[in-house]
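>>> coordinates only, sequence not included:
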């Protein structure tokens with residue numbers, strides 16, 4: 001698949017911009033702070049409903065200069081083409097309210113847009129996948145799951161609601177045992193049902209990612225080092241998760257663990273059981289990548305995860321390659337990793353790159369160049385010119 005047209009209204013630094021894109025490579029080049037990343041971030045958000053830079057949607061809505069009227073929301077609109085069809089996706093980010101969505105001009109629920117545009121993003125923030133906290137790795141798995149199986153977005157939202165309600169009740173009951181069992185039982189069963197289904201999906205995903213990530217690591221690093229992924233369950237870190245266990249088996253594990261940890265949960269007033277505490281463990285040569293991998297090895301691990309994600313998504317159906325986005329990545333890599341990554345992605349259906357200077361883009365990745373300065377886009381000779389509407 002590829003994005004042929006993109007239009008933004010009041011998104012980040014852009015009051016209004018429309019541009020055409022072609023299959024192949026397009027590099028947005030300009031100094032930091034000029035709006036390059038805002039362009040590709042809009043596509044990531046349209047495909048996942050999440051930003052790799054901020055947690056709150058409100059930050060995506062343009063802020064007017066002091067004294068000027070503030071926009072009430074932002075709109076991202078894109079035309080997505082596959083071999084079978086062309087579709088126009090539109091998402092309105094409304095400050096303080098639920099987002100609104102349109103597919104081919106017709107109103108739909110926002111979740112119905114998921115899966116119509118698939119993206120894989122490489123960004124400097126990816127180093128946190130290796131060196132950061134477990135929450136970032138869980139989020140990596142869940143976003144990838146939703147791109148491949150959009151229905152899981154609803155399951156994840158329902159689970160988050162259960163955890164919030166159960167956590168509030170635990171805080172209210174903290175230090176008290178009388179009547180706690182009856183009150184908590186209302187939330188225990190939904191936690192078990194939803195949590196076991198999400199964990200089973202994560203385990204299947206990790207099992208599918210593992211061989212692809214190992215191959216990608218060798219390709220990117222140029223070594224034969226053993227890179228491995230293991231889903232560790234908070235309920236029992238030694239519980240085998242590859243092959244992926246069934247949701248029924250995981251439900252029983254959660255049920256037993258909830259009963260065993262009841263006193264601890266009531267004493268501390270927080271959720272101690274559930275997939276929100278699981279960990280995606282990354283190892284290199286049998287050692288935890290976090291803390292043991294060098295800077296270059298950490299980058300190879302992060303790139304391997306993204307390349308494995310790309311391979312997994314491209315094999316889901318006949319929609320073609322996901323759109324590959326390389327946000328300021330080449331400046332972070334040494335020359336050998338930069339060249340190997342360029343070789344690996346050169347044949348992808350559509351690659352969107354951001355770079356501070358044109359020299360950061362490897363020669364192997366030709367294609368179009370668009371200069372970005374103060375939010376103004378200037379296509380280089382041979383690049384498609386901006387035009388008026390996404391039709």
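Now that the structure is in, tell me what you want to look at. A quick note: this is a predicted structure, and the numbers were derived from the prediction, not measured. Residues are numbered from 1 along each chain as shown.
>>> select the longest helix from the protein.
Looking across the chain with DSSP state H, the single longest helix is helix 180-221.
>>> now for that one, which elements pack on it?
Judged by 3 or more CB pairs under 8 Å, 6 or more residues apart in numbering; DSSP states H and E, helix 180-221 is in contact with helix 134-148, helix 151-173, strand 227-232, helix 247-268, helix 295-314, helix 335-345. (Glycine included, C-beta is placed from N, CA and C.)
>>> from residue 13, how far out is residue 65?
In this structure, residue 65 and residue 13 are 12 Å apart, going by CB to CB, to the nearest Å.
>>> got it, and residue 292?
According to CB to CB, residue 292 and residue 13 sit 39 Å apart.
>>> could you do residue 50 as well?
To residue 13, residue 50 is 19 Å away according to CB to CB.
>>> please apply the same query to residue 228.
41 Å.
>>> ok, now residue 339?
32 Å.
>>> picking up where we left off before, compare neighbour counts for residue 65 and residue 13 and give me the winner.
Per other CB atoms under 10 Å, whichever of residue 65 and residue 13 has more neighbours is residue 13, with 17 against 5.
>>> so who does that one touch?
Listed by CB atoms under 8 Å, 6 or more residues apart in numbering, the contact set of residue 13 reads 35, 38, 62, 375.
>>> didn't the last one look like it was pressed against residue 34?
Yes: because the distance of 7.0 Å satisfies CB atoms under 8 Å, residue 375 is recorded as touching residue 34.
>>> more crowded one of those two?
Higher neighbour count among residue 375 and residue 34: residue 34, with 20 against 16, using other CB under 10 Å.
>>> skipping adjacent residues, who's closest to the more buried one in space?
Leaving out its chain neighbours, the residue that sits closest to residue 34 by CB to CB, 6 or more residues apart in numbering is residue 372, at 4.8 Å.
>>> measure the residue nearest in space to the middle of the chain to residue 94 for me?
What sits nearest the mean C-alpha location of the chain, by CA atoms, centre = their mean, is residue 143, with 4.5 Å. The spacing between residue 143 and residue 94, counted by CB to CB, is 22 Å.
>>> where does the prediction get shaky in this structure?
For the chain, the stretches with pLDDT under 70 are 66-67, 177-178, 381-391.
>>> got the buried residues for stretch 50-58?
Judged by neighbour count (16 or more other CB atoms under 10 Å), stretch 50-58 contains these buried residues: 51-53, 57.
>>> from memory residue 373 sits against residue 31, does it?
Yes: the pair residue 373 and residue 31 qualifies as a contact (CB under 8 Å) at a distance of 7.4 Å.
>>> am I right that residue 90 is in contact with residue 106?
No: the criterion here is CB under 8 Å, and residue 90 misses it with residue 106 at 9.9 Å.
>>> looking at the two, which is more packed in?
Ranked by neighbour count (other CB under 10 Å), residue 90 and residue 106 place residue 90 first, with 21 against 10.
>>> quick one: contacts for the more buried one?
Residue 90 makes contacts with 75-78, 101-103, as judged by CB under 8 Å, 6+ apart.
>>> please redo it, this time with the cut-off set to 7 Å
Residue 90 makes contacts with 75, 77, 101-102, as judged by CB atoms under 7 Å, 6 or more residues apart in numbering.
>>> ok, residue 183 next?
For residue 183, the contact set (CB under 7 Å, 6+ apart) comprises 169, 173.
>>> could you measure from it over to residue 198?
To residue 198, residue 183 is 24 Å away according to CB to CB.
>>> with residue 56 instead?
Residue 56 is 23 Å from residue 198, where distance means CB to CB.
>>> ok, residue 307 next?
Computed as CB to CB, the residue 307 to residue 198 distance reads 24 Å.
>>> before we move on, what about residue 292?
29 Å.
>>> the more surrounded of those two?
Legend: neighbour count by other CB under 10 Å for residue 292 and residue 198, higher for residue 198 (25 against 13).
>>> apart from its chain neighbours, what residue comes closest to that one?
Spatial nearest neighbour of residue 198, chain neighbours left out: residue 275 (5.0 Å); criterion: CB to CB, 6+ apart.
>>> how deep is that neighbour tucked in, by neighbour count?
Neighbour number of residue 275 under other CB under 10 Å is 27.
>>> check the one 5 residues further on too.
Around residue 280 there are 21 other residues, counting by other CB under 10 Å.
>>> which residues sit in contact with the closest residue to it other than its chain neighbours?
Using CB to CB, 6+ apart and skipping the chain neighbours, the partner closest in space to residue 280 is residue 137 (3.9 Å). Taking CB under 7 Å, 6+ apart, we find residue 137 in contact with 129, 279-280.
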